[in-house]
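1. Structure for the following, please:
(chains A and B)
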Amino acid sequence: MAKKQTKKEIKKQTKKDKIDKSKNLIGLLKKHGAQVYEDLENGEFPKFSIPNRSISNIIYDKKLRQYVLGTNTSLRSSRNSSQLRSFTQLLWLAFFANKLTHEKKSSTLRDVYYSSQAFAVDFEDQGESDNIIVDLEAVLSQPREDFYVFPEERSSIFGDLTIEYTIPGYEGKTQNLSSHPDGYAIGPSMTSAELVDTSAELVIAIEKGGLFTRFVEEQVDKKFKSIIINTGGQAPRSTRTLLKRLHDEMGLPVVILTDGDVYGEHIAMVIKSGSANAAHLKGLTVPDAKWMGVWATDIDKFKLPTIPMTESDIKRCYDLLKDPRYQEGLWKRELEVFIKIKRKAELEAFSKYGLNNITEKYLPKKLEESKSF
Amino acid sequence: MSSNEQFNQISPSEFFYRNRDLAGFSNPTRSLYTAVREFVENSLDACDHSGILPNIHMTIKAVDPEKPDPKQYILTVKDNGPGIPSKHVPLAFGTVLYGSKFGLKQARGMFGLGATMAILYGQITTNKSVKVKSNADGKTRFDFEMLLDIQKNKPVILKKQETPSSEKGLSVSICLDGDYSKAGTKIRDYVYQTSLITPYATISFDDPKGEKFHHKAIIRSMPPAPTIIAPHPYGIDVETIRRMLVDTHYQIPNVDDKMIEKVRKELGMSKKKFTYDEIMKKTEKKWKSLTRPVRVVLSLMSFLEADFEKLQRIRIEDVDLRNNKLVYWDYSTSQTLVAEMDVESHYYKQLANTVQGESLTHFLSKRFQRVGPTAALEFCKFAKFKPETRVGNMTDQELVKLSDALQTYDGFRSPDPTCLAPLGDGPLEKGIERRFEPDFMAVVQRTASAYSGFPFVIEMGIAYGGKIETRGTTVYRFANRIPLLYDEGSDVVLKVVKDTDWNRYKVKNDSAPLIIVSHICSTRVPYKTVGKENVADRPEIEKELRLALQFLSRKLSGYMSNKGQAEMAKKRANLYSKYLPLVAQFCTELSGNKKEPNYKEMIKEETALINSEGSQGEVKKNG
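-> A predicted model of the protein is given here:
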């Protein structure tokens, strides 16, 4: 049904969604604040109910095609002296997130850790504050990017895509992402920007920065009418959010290109169906995304130079075989081939046949192939 | 061996002079400390045995304060004890091996030799006399100044003086080489710790630097005095048996004025002069009501044909049963004379019995504790002795056999602890409480036990926190109310404390303000060295120490977990006061309210709750 709507309509709709989402978040935070306030006023000890994130409470939702949390929740009460500290930390973070969202100011995980020190709330280390951030995500069912807490940037984007900034100081400014050949970092301003227009018909996500640069040089964006995204290994959540938005808001199909090994296969899977770590969050997945390669079967087919798998590589294969998402089709097949050949190939392996071999020969062939699955 | 070699007999004084290291007089530091101990302990023992609350005053003064250490010091110890009758003073302080403590009961010192050693040491190092002031009757004080003739082991009285005085007690003052700058700490520790284990004593000490230490008595009642009892067969050796035999059966009583007085009294012939015949006539009549020593004296008189006047002039030298002769020395004619004895006379039987001694069973059951007639018979069976064997006739080999058998026979009951004088848990507890003012304390007195025939009792106290300033476990060791200060490394008490896993009792061993007071009471504390500084690890003693410490540790553990809970509660209260205001602040801003919620009551309630919980967990005492 999205296809029937014009792009403009979709945009309008998403803009409204976004504002709603922001309002929604603020409302949610306020609601929690008010509840705590009321409890105190009544002489009662306030508490939070936090979805349980332990392994036993993580289940695979076949319908959503991702991991979700079960119904188990744990109570964090200020009455309990061993929880009082982390309760206060959580409330402080809600208060801090509220501030960030209001002021539209982004901060990193590390910032959060240091910001806490301005208030008498102390975190022992960043690990502790990171944990509390995930707690708040779980309580709100919203990713931290929604309340303006971002990880360090390491992924980037290039291609014909016009965006309009919403962050303070840049509101209304537009930018076309094909004007700088090194690409644009996917940071808070990118994540919160409006997606205005694009001529592209495809998004290619690549695991490695080196290949990303090669693709820009070889003008893959023009040749294949695509937007190129460097995930920098396992895609950060802001990048996954952006991929989802490109797919949902701009109606672009997403293909993923990774090293020909078990980790590459899983990078593709996480973009497609999320990770167990983020089982408490929805809206980070692109279920329609396609893993284009490098497949285990490609190694033989394209006569790629290989390196042997390590013990841990093989162990990882067997671990993933137990994952419900690897029980059928392509995913299962490729994993089994990896186990059989016990060898892997990197994206750079194509260079054996010339630096542009990957863009000239492999990419067109696989793109053609990918339309059929 | 060369025939030119000379063998000289040496007197006990000379022996000690040559071996003074053994007795703790090895150097000026150690000697000063040992001298202090010997005099203080003698005074305490004297007061204990007379039931007098001790009040002891000690001064140490430098003869020439300007001189560097080691130098001459004058040590004076004065007590309020029973004093020593003036006629015994020269012997008591002027000879080695003149002791009043040869019985078997718990005392700080065994024979009172140490004090004489101190006097000897003082005389050797400074060539100055000892000054003794004794008032035994509360009327007259006798002041002596004496030197010791080392070779002859005899006192040399330089000065003697009498002064009327109503103040009973004894004061001894000697001049000796010492090093107070080095020994001072130990001496002050000694005085302090002595006051801890003798809470009924007042002890004051003026040190050479002008400092005054005064430890007042904490309690006004003395623990019950120990009784003198017979030895237990397990703790006996051949020499002791021999002495016991001499002591008891071969007792031809010393016929002195006192004895004669006694004989006269029992016969009812006190007043006038009586002839030999008159005496014998009366003797026949009264024989059955007479005591044994009197019978023996009268038997002698019958053969000597002596009246009381004659008796006074002679000394019995031998009762020769083989030849039926009585050998005696006549003072009036200065010659040895012999009297025949009539074998048929019942006086002969009396003497023979006395000389041959009792039967073995009688000897065992009368002279030893825990041995009744049945046990004695059983023992004779075991040791293959005829029960009616006369102990006086036993050969040396038989004595060795007897002594060995006494050690190996396991049918005797364990030793009688009534000869022990533990401090008792009350006084011990008071002592610890007053001296340390701890948050927690517990004491325990174990029941008596025995090692190789010597009974002993372990008393122990534990104290934690409060005004205890030391960190880590401090152990105060006592044996028979003497503090043990040196050589603690090899002591059995330390071993037991070290072996304890304090974590099990919730105590942080290295930082806890913990004090352990251990007191071993025994008729013979198994010291490792002559210097009485550490107790050897006899398994029986170690076991008792371990049980005592475990008992106390469990009590401490109980206190610690209460205390832990109280601390937790306090911590919790602190948490609430720290975090609730923050919670209030954040939720106020988050919810868009202007005024903070009213949460202060909650903190107050929480803290009040904790305070009431906490007070339950405070000072807990053994009880």
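2. can we go C-alpha only for contacts and neighbour counts from here?
-> OK.
3. Alongside chain A, which residues does chain B contribute?
-> Within chain B, the residues that sit near chain A (Cα under 8 Å from any Cα of the partner chain) are B:572, B:575-576, B:579-580, B:582-584, B:586-592, B:597-599, B:601-602.
4. From those, keep the buried residues only.
-> Burial by neighbour count, judged by 16 or more other Cα atoms under 10 Å in any protein chain shown, picks out B:572, B:575-576, B:579-580, B:582-584, B:586-591, B:597-599, B:602 from the residues of chain B next to chain A.
5. ok, residues contacting the one helix or strand B:R30 maps to?
-> Using DSSP states H and E, B:R30 sits in helix B:28-50. Residues outside helix B:28-50 that contact it (Cα atoms under 8 Å, 6 or more residues apart in numbering or on different chains) are B:24-25, B:53-54, B:56, B:70, B:75, B:77-82, B:107-109, B:112, B:114-115, B:118, B:170, B:172, B:176-180, B:182-183, B:186-187, B:190, B:222, B:225, B:482.
6. which stretches of the stretch 1-150 of chain A aren't confidently modelled?
-> Residues of the stretch 1-150 of chain A that meet the criterion pLDDT under 70 lie in A:1-21.
7. Go through the residues of chain B next to chain A and flag which are in strands.
-> Per DSSP state E, strands hold no members of those.
8. Which ones among those lie within helices?
-> Counting by DSSP state H, these place B:572, B:575-576, B:579-580, B:582-584, B:586-591, B:601-602 in helices.
9. Direction included, what does whichever strand or helix holds A:I229 pair up with?
-> Secondary structure assigned from DSSP H and E places A:I229 in strand A:226-230. Here strand A:226-230 has these sheet partners by DSSP bridges: strand A:156-158 (antiparallel), strand A:202-206 (parallel).
10. buried stuff in that strand?
-> A:S226, A:I227, A:I228, A:I229, A:N230.
11. next one: stretch B:137-156
-> In terms of neighbour count (16+ other Cα under 10 Å), stretch B:137-156 has its buried residues at B:137, B:140-148, B:150, B:153-156.
12. can you check stretch A:106-119 too?
-> Across stretch A:106-119, burial judged by 16+ other Cα under 10 Å covers A:S106, A:S107, A:T108, A:L109, A:R110, A:V112, A:Y113, A:Y114, A:S116.
13. out of those, which are inside helices?
-> Counting by DSSP H, the buried residues of stretch A:106-119 place A:L109, A:R110, A:V112, A:Y113, A:Y114 in helices.
14. my guess is the first one meets A:P151, correct?
-> Put plainly, it is A:L109. Yes: taking Cα atoms under 8 Å as the definition, A:L109 is a contact partner of A:P151 at 6.0 Å.
15. coming back round to it: how about the ones in helices among the residues of chain B next to chain A, which pair is most distant?
-> B:R572 and B:S591 (27.1 Å; Cα to Cα).
16. Give me the local confidence score for residue 319.
-> Went with chain A since none was named. pLDDT recorded at A:D319 is 89.
17. my bad, chain B
-> On pLDDT, B:V319 comes in at 78.
18. Show me what the strand or helix carrying it is packed up against.
-> Assigned by DSSP H and E, B:V319 belongs to strand B:314-320. Here strand B:314-320 touches strand B:325-330, going by 3 or more Cα pairs under 8 Å, 6 or more residues apart in numbering or on different chains; DSSP states H and E.
19. Parallel or antiparallel, which strands does the strand it packs on pair with?
-> strand B:314-320 (antiparallel), strand B:335-340 (antiparallel).
20. what's the most buried one of those strands?
-> strand B:314-320 (a mean of 17; mean count of other Cα atoms under 10 Å in any protein chain shown).
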